[in-house]
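Enquirer: what follows is a predicted protein model with its sequence.
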Amino acid sequence: MTNAKIFIASDHAGFELKNKLIKYLTLSYNIVDLGPTDFDADDDYPDYAIKLCREIIQDKNSRGILICGSGQGMDRVANKFPGIDAAVVWDDFSTKVAIEHGFVNILCFGQKSVEFNQAKEYVTSWLKSVPKIEERHKRRIRKIRLLEKELFK
């Protein structure tokens, strides 16, 4: 995973956590900051989620991290894109399920619910994990892909 790009973006409510994660992750990974570069209390999470998802779709080997106040807004936008599997994580269990049940390509955090040290731990687990999805989860993912094809043909 060290060669693949990891795109990261936030809105104003996730700006501080994004910048801390960038400093931490840059030591070991190829991080691409998609913004914002300056704090703007009036920015909107859809703008940054859309930008990041478009990059992930173009570079299928990459992954993404989206941060807003709750993680929910970024997750809602990201999961509108075919081929994007995003999950909000907030503890060890939610991170484990995101990895083992769907091997998501985007993690979403809420700066108001996840401390920096927790976020570091969850991202590190996610980035070091290797897909080993059980057949039942593969079946469910196939159903999602079929739905995407039906809805977005």
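Expert: Looks like it came in fine.
Enquirer: any idea of the mean pLDDT for the helix or strand in which K96 is found?
Expert: For K96, the host element (DSSP states H and E) is helix 92-102. Mean per-residue pLDDT for helix 92-102: 87.
Enquirer: next one: stretch 72-85
Expert: 96.
Enquirer: by contact count, what packs against the helix holding K96?
Expert: Identification of packing neighbours for helix 92-102 by 3 or more C-beta pairs under 8 Å, 6 or more residues apart in numbering; DSSP states H and E yields strand 86-88, helix 116-128, helix 135-151. Placement of C-beta: from N, CA and C, glycine included.
Enquirer: partners of the helix or strand just after that helix, with directions?
Expert: The helix or strand immediately downstream of helix 92-102 is strand 106-110, counting by DSSP H and E. Strand 106-110 pairs in its sheet with strand 63-68 (parallel), strand 86-88 (parallel), by DSSP bridges.
Enquirer: looks like V114 contacts E121 (just checking).
Expert: No - the pair V114 / E121 is not scored as a contact, 9.7 Å apart, by C-beta atoms under 8 Å.
Enquirer: of the two, who's got more company?
Expert: V114 (23 against 14; other C-beta atoms under 10 Å).
Enquirer: just the terminal-to-terminal distance for stretch 32-49.
Expert: End-to-end distance of stretch 32-49 (C-alpha to C-alpha, to the nearest Å): 14 Å.
Enquirer: just the helices and strands packed on helix 92-102: most buried one?
Expert: Among the helices and strands packed on helix 92-102, the stretch with the highest mean neighbour count (mean count of other C-beta atoms under 10 Å) is strand 86-88, at a mean of 24.
Enquirer: related to what we said a few turns ago, got the CA positions of the helix holding K96 in PDB?
Expert: What follows is helix 92-102, C-alpha atoms only, in PDB (Å, rounded to 0.1, in the frame of the first residue of the first chain):
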ATOM      1  CA  ASP A  92     -12.300  -0.500  16.600                       C
ATOM      2  CA  PHE A  93     -15.400  -2.500  15.700                       C
ATOM      3  CA  SER A  94     -16.600  -0.100  13.000                       C
ATOM      4  CA  THR A  95     -13.100  -0.100  11.500                       C
ATOM      5  CA  LYS A  96     -12.800  -3.900  11.600                       C
ATOM      6  CA  VAL A  97     -16.200  -4.300   9.900                       C
ATOM      7  CA  ALA A  98     -15.300  -1.700   7.200                       C
ATOM      8  CA  ILE A  99     -12.100  -3.700   6.400                       C
ATOM      9  CA  GLU A 100     -13.300  -7.200   6.700                       C
ATOM     10  CA  HIS A 101     -16.900  -7.000   5.400                       C
ATOM     11  CA  GLY A 102     -16.400  -4.600   2.500                       C
END
